[in-house]
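Asker: Give me a model of this one.
(one chain, ligands or ions: 1)
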Amino acid sequence: MVKLSERVQSMTSSPTLKLVQIKNQLQAQGKVILDFGAGEPDFPTTDNIKKAGIAAIKKNFTKYTTTSGIAELKKAVQKVYEREQGFTAAEMQIVVSPGSKYSLFLLLQAVIDPGDEVIIPRPYWVSYPEMVKFCGGRAVYADHLQPGRLFELTAASYISLCSARTKAVIVNSPSNPTGKIMGGGDLRQLIDFFYKKNILVIIDDCYRKIIYTDQAYPSPMNLVPAAREMVAVVSSLSKTFAMTGWRIGYSIVSEALAAAMTKIQEHSTSNACSISQKAAVEALSGDEDAVREMVAEYRRRRDYFAGRVDEIGHITYALPDGAFYFFADFSYDIAHKKFKDDNQLAMDILEKLNIILVPGSAFGAANHLRISYATSMKDIRSGLDKLSTYLREGK
Ligand code: GLU
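Answerer: Residues are numbered from 1 along each chain as shown. Got it, this is the predicted structure:
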């Protein structure tokens with residue numbers, strides 16, 4: 001067999017996407033699975049967006065597009081940030097990619113040299129450390145691990161880790177997996193500190209539209225206007241518009257960085273799917289009633305979840321302010337059931353209850369489990385009934 005590159009050998013599989021595969025396999029065996037695993041909205045993509053995709057096919061919009069995305073979509077992105085954040089990105093600053101995961105991958109490939117450090121939050125989204133490693137960089141972890149402190153995302157946690165090797169920092173707000181939002185004051189402090197040292201501040205705002213507080217989402221590009229060149233926003237349509245399979249993400253970065261990322265995209269994937277781009281124009285330009293309804297439903301589920309978890313009693317969590325995950329400390333159950341760790345607990349729950357949860361270790365937080373509530377209320381009810389019986393056994 002061909003010898004695999006060192007780079008790929010040091011990479012681990014995505015634990016979240018592996019769970020999608022496990023679910024599909026179990027379902028193919030006829031099992032009824034309650035899926036609280038990979039974060040994927042259970043809602044279908046709305047009809048207006050689907051129709052835009054179908055119209056694109058009918059009009060033969062099925063060829064290559066400009067690598068960095070069609071002008072119409074870049075304009076739609078521009079308008080969104082103008083409307084929501086009072087910030088106008090130039091068209092040349094926008095790169096549309098096949099999913100924001102790839103946007104981030106391009107961004108890191110464009111700026112990280114071997115030995116460079118990237119400060120990432122912990123708990124982290126599973127792909128951050130792997131992408132940094134793949135670029136030859138070293139992930140350094142800003143800890144926000146204490147549910148008792150509400151997994152608070154602070155500027156200080158990043159600033160204290162700055163070194164001569166730091167090349168970039170990643171802020172994920174609302175956070176996957178904790179649902180916590182970095183407040184405007186902390187974000188301003190963080191941007192102000194890092195841009196002066198020529199360190200890129202990457203804001204992953206994929207869950208920006210799924211927020212349950214009245215706080216306005218701070219505009220990273222406006223907080224420190226002098227820092228704009230050193231701020232990069234990475235975003236996605238997957239979660240907001242229930243479009244995970246369409247694979248559309250985008251970045252707003254400096255023009256120089258956009259050109260560098262486009263070059264890499266030219267030689268790797270070419271443009272994002274032409275049909276999906278047309279559907280994305282409709283998603284970003286159409287009315288947002290469906291988004292508001294989905295967020296209201298996520299909020300109902302979150303509150304229901306919290307009530308049921310409180311009834312169980314011994315699980316420590318911080319109520320999520322955004323995204324659609326509960327990230328909770330299950331140390332008590334791991335010890336009580338004499339398990340080695342959260343992986344074993346999650347596996348036992350899968351085997352005995354047919355419920356998929358993601359072990360906290362996948363996010364750098366041992367003894368926790370992530371529970372996605374982007375799944376139907378019916379499944380949430382039945383999953384929580386089973387879980388609470390299971391967790392109370394022998395208590
Ligand atoms: N981002 C989602 C999650 O954390 C989907 C899977 C993935 O891309 O990791 O579950």
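
Asker: what's near enough to touch the residue nearest to Arg301 when sequence neighbours are not counted?
Answerer: Of all residues not flanking Arg301 in the chain, Tyr373 sits nearest, at 4.3 Å (Cβ to Cβ, 6 or more residues apart in numbering). Using the backbone N, CA and C atoms, a C-beta is placed for each residue, glycine as well. Counting by Cβ atoms under 8 Å, 6 or more residues apart in numbering, Tyr373 touches 36, 298, 301-302, 305, 324-326, 380.

Asker: And the lengthiest helix in the chain, how far out from the chain middle?
Answerer: Ranked by number of residues, the top helix in the chain under DSSP state H is helix 289-312. Its chain's average C-alpha position is 19 Å from that of helix 289-312, according to Cα atoms, centre = their mean, to the nearest Å.

Asker: continuing past that helix, what's the next helix or strand?
Answerer: strand 316-317 (DSSP states H and E).

Asker: Show me what that following strand is packed up against.
Answerer: strand 325-329 (3 or more Cβ pairs under 8 Å, 6 or more residues apart in numbering; DSSP states H and E).

Asker: Would you tell me whether the strand it packs on gets close to the ligand?
Answerer: No: judged by Cβ under 6 Å from any ligand atom, strand 325-329 stays clear of the ligand, getting no closer than 7.8 Å.

Asker: list the buried ones in the helix or strand that comes right after that strand?
Answerer: The first helix or strand that comes after strand 325-329 along the chain, using DSSP H and E, is helix 331-336. Using 16 or more other Cβ atoms under 10 Å as the test for burial, helix 331-336 gives 331-334.

Asker: Next: stretch 222-241.
Answerer: 222-224, 227-228, 230-241.

Asker: so what's the closest residue to Gly249 other than its chain neighbours scoring on pLDDT?
Answerer: Spatial nearest neighbour of Gly249, chain neighbours left out: Ser100 (2.9 Å); criterion: Cβ to Cβ, 6+ apart. Model confidence at Ser100, given as pLDDT, is 98.

Asker: And Ser100, how close does it get to the ligand?
Answerer: 9 Å (Cβ to the nearest ligand atom, to the nearest Å).

Asker: Verify the contact between that residue and Val233 for me.
Answerer: No: the criterion here is Cβ atoms under 8 Å, and Ser100 misses it with Val233 at 10.0 Å.

Asker: Can you check which residues contact both of the two?
Answerer: In contact with both Ser100 and Val233: Ser251, using Cβ under 8 Å, 6+ apart.

Asker: So which residues on the stretch 1-150 of the chain come close to the ligand?
Answerer: So far as Cβ under 6 Å from any ligand atom goes, the stretch 1-150 of the chain lies against the ligand at 14, 16-17, 38-39, 101, 125-127.

Asker: Give me the subset of those lying in helices.
Answerer: 16-17, 101, 127.

Asker: The residues you listed into TSV, with extra columns for neighbour count?
Answerer: Conversion of these to TSV gives the following (neighbours: other Cβ atoms under 10 Å):
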residue	neighbour count
Thr16	21
Leu17	14
Lys101	21
Ser127	17
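
Asker: Let me know the closest of those to the ligand.
Answerer: Proximity of those to the ligand (Cβ to the nearest ligand atom) peaks at Thr16, which lies at 3.6 Å.

Asker: Pretty sure the closest one sits against Ala362.
Answerer: Yes: contact criterion Cβ under 8 Å: Thr16 and Ala362 qualify, at 7.1 Å.

Asker: ok, now which ones touch the nearest residue to Arg300 once chain neighbours are set aside?
Answerer: Leaving aside its chain neighbours, Arg300 sits nearest to Met377 (7.5 Å; criterion: Cβ to Cβ, 6+ apart). Each residue near Met377 by Cβ under 8 Å, 6+ apart is listed here: 297, 300-301, 304.

Asker: Nearest to the ligand: which residue in the stretch 151-300 of the chain?
Answerer: Asn176 (5.1 Å).

Asker: where does that residue land on pLDDT?
Answerer: Reported pLDDT for Asn176: 98.

Asker: Check Gln146 too.
Answerer: 79.

Asker: helix/strand/coil for Leu145?
Answerer: Secondary structure for Leu145, judged by DSSP: H, G, I helix; E, B strand; the rest coil, is coil.

Asker: ah, wrong one, I meant Asp186
Answerer: Classified using three-state DSSP, Asp186 is helix.

Asker: What count of nearby residues applies to it?
Answerer: Residues lying near Asp186 (other Cβ atoms under 10 Å) number 21.

Asker: Poorly predicted segments of the stretch 251-395 of the chain, please.
Answerer: By pLDDT under 70, the low-scoring segments of the stretch 251-395 of the chain are 394-395.

Asker: Do you have the strands of this protein handy? List them.
Answerer: 34-35, 94-97, 117-122, 138-143, 166-172, 200-204, 231-236, 249-252, 316-317, 325-329, 355-356, 358-359, 368-372 (DSSP state E).
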